[in-house]
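>>> Coordinates only, no sequence provided:
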C-alpha cells in the first residue's frame, strides 16, 4: 500500500489537487466541510472536491459524517481499484 494522503478542505482553494491526488497514491482521505445554510446542506464544495478527484483518477469510495459540518471522504485511485485481483466466489455447500 502506498502513502495515504489526508487533509482538510473548508474552501475549494484549500485543495491542491496535483499534490493530493497524485498517481503514486492508492487512497486519499479528506475531511470536507459541508455547511448548513438556512437549514439545508450546501453540497457545492463536496461536489467540487468529487469532480476534482474524478478528473485526477480517483473515485469516492466511502463517506462518513463527522461532527455537524464535516464529511470524511475516502477516495480510491482508479488504478488501484482495477489492479486488485478479483475475489473468488465463496464455495457453497450443495444439499445431498
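Sure thing, it's come through. Model, not experiment: these values are computed from the prediction.
>>> Let me see the confidence value for residue 19.
As predicted, residue 19 sits at a pLDDT of 91.
>>> and what of the one 5 residues further on?
At residue 24, the model reports a pLDDT of 87.
>>> Now do the helices in the chain.
For the chain, the helices defined by DSSP state H cover 17-20, 44-55, 78-83.
>>> Out of the ones you listed, which is closest to residue 64?
Closest of the helices of the chain to residue 64 is helix 44-55, at 12.9 Å (criterion: Cβ to Cβ). Just so you know, the C-beta spots here come from the backbone N, C-alpha and C atoms, and that holds for glycine as well.
>>> Quick check: which of the helices of the chain is buried the most?
Greatest average neighbour count among these goes to helix 44-55 (a mean of 16), per mean count of other Cβ atoms under 10 Å.
>>> From the rest of the structure, what touches that helix?
Applying Cβ atoms under 8 Å, 6 or more residues apart in numbering, the contact partners of helix 44-55 are 9, 11-12, 15, 17, 21, 28, 30, 32-34, 59-60, 71, 73, 75.
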